[in-house]
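let's see this in three dimensions:
(one chain, ligands or ions: 1)
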Amino acid sequence: MIIKHTKIKDCIIIEPKTFIDKRGYFFESYNKQLFDLNIGYSVDFVQDNESYSSKNVLRGLHFQKGEHAQAKLVRVVKGEVLDVAVDLRASSETYGAYVSVILSEENKRQLFVPRGFAHGFLVLSDTAIFSYKCDNYYNKNSEGGIIYNDPALNIDWEISEKELIISEKDLELPKFNTIVL
Ligand SMILES: Cc1cn([C@H]2C[C@H](O)[C@@H](COP(=O)(O)OP(=O)(O)O[C@H]3O[C@H](C)C(=O)[C@H](O)[C@H]3O)O2)c(=O)[nH]c1=O
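Residues are numbered from 1 along each chain as shown. Predicted structure coming up:
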């Protein structure tokens, strides 16, 4: 497992060791002992999610508020996405900053998004299967979000608005400077 730090403390890129032979490949997509050792603390994931999306679908930017906040370990099983995490931790020196990472079935890269972040992704390939672990259960009443194109975040999604496929719910998300965690 290779760990790569990003410009945001605690938001970590993980590249698992892949074993390739004439049959194909194998890699451990999650190993608690290795993960916790590299993250530096114990993360107890309790829920796995999977979504399937077509090209130009953008899901996000989402978070859960308060005690229902979720840390996520995200990866792409099929296809390729531009994955974005925004630091919403009020005491963080990178508050309001974001990291964007290409996650794909090819690079098998994973991104650990700690609690206190908004998360979203844009599908770059024809289709994408997105799979992730959460360390807290889904709680509909604590869902929050930020509109993906908020100038205050200035996220470069590298796509024009007219090409985007995005839910009505996500189009109505508030701006960064109005959110309450
Ligand atoms: C997240 C979630 C959703 N649902 C139900 C609620 C809706 O009826 C349906 C679709 O939910 P939603 O449109 O919120 O799905 P996404 O837009 O993929 O949401 C996710 O998108 C970004 C990328 C994230 O990081 C979050 O994990 C999550 O918010 O699944 C559940 O039953 N359990 C869940 O954990």
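
report the contact partners of the residue most central in space within the chain.
Closest residue to the average C-alpha location of the chain: residue 119 at 4.8 Å, with Cα atoms, centre = their mean. By Cβ atoms under 8 Å, 6 or more residues apart in numbering, the contact set of residue 119 is 60-63, 72, 74, 83-86, 113. Where C-beta positions appear, they are placed from N, C-alpha and C, glycine not excepted.

now, which of the residues you listed lie close to the ligand?
Among the contacts of residue 119, the residues lying close to the ligand (Cβ under 6 Å from any ligand atom) are 60, 62.

so which residues make contact with the helix or strand of the chain with the lowest mean pLDDT?
The helix or strand with the lowest mean pLDDT-type score in the chain, counting by mean pLDDT, DSSP states H and E, is strand 2-5 (a mean of 90). Taking contacts as Cβ under 8 Å, 6+ apart, the residues outside strand 2-5 that touch it are 12-15, 17, 38.

now the nearest residue to residue 130 once chain neighbours are set aside: how far from residue 39?
Here the nearest residue to residue 130 in space, its sequence neighbours aside, is residue 51; by Cβ to Cβ, 6 or more residues apart in numbering that works out to 4.9 Å. As for residue 51, its distance to residue 39 is 24 Å (criterion: Cβ to Cβ, to the nearest Å).

out of the two, which sits in the more crowded spot?
residue 39 (17 against 13; other Cβ atoms under 10 Å).

for that one, give me its contacts.
By Cβ under 8 Å, 6+ apart, the contact set of residue 39 is 10, 12, 112.

equivalent analysis for residue 125, please.
With contacts defined as Cβ under 8 Å, 6+ apart, residue 125 is in contact with 55, 78-81, 104.

inside strands: which ones of those residues?
Counting by DSSP state E, those place 78, 80-81, 104 in strands.

tabulate the contacts of residue 125 (JSON lines), appending distance to residue 94 and pLDDT.
What follows is the contacts of residue 125, written out as JSON lines (distance: Cβ to Cβ, whole Å; pLDDT from 0 to 100):
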{"residue": "55", "distance to residue 94": "31", "pLDDT": "98"}
{"residue": "78", "distance to residue 94": "31", "pLDDT": "98"}
{"residue": "79", "distance to residue 94": "29", "pLDDT": "98"}
{"residue": "80", "distance to residue 94": "26", "pLDDT": "98"}
{"residue": "81", "distance to residue 94": "22", "pLDDT": "98"}
{"residue": "104", "distance to residue 94": "25", "pLDDT": "98"}
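
ok so, going back, ok, the least confident helix or strand of the chain: who's next to it in the sheet?
Based on DSSP bridges, the pairing partners of strand 2-5 within the sheet are strand 12-15 (antiparallel).
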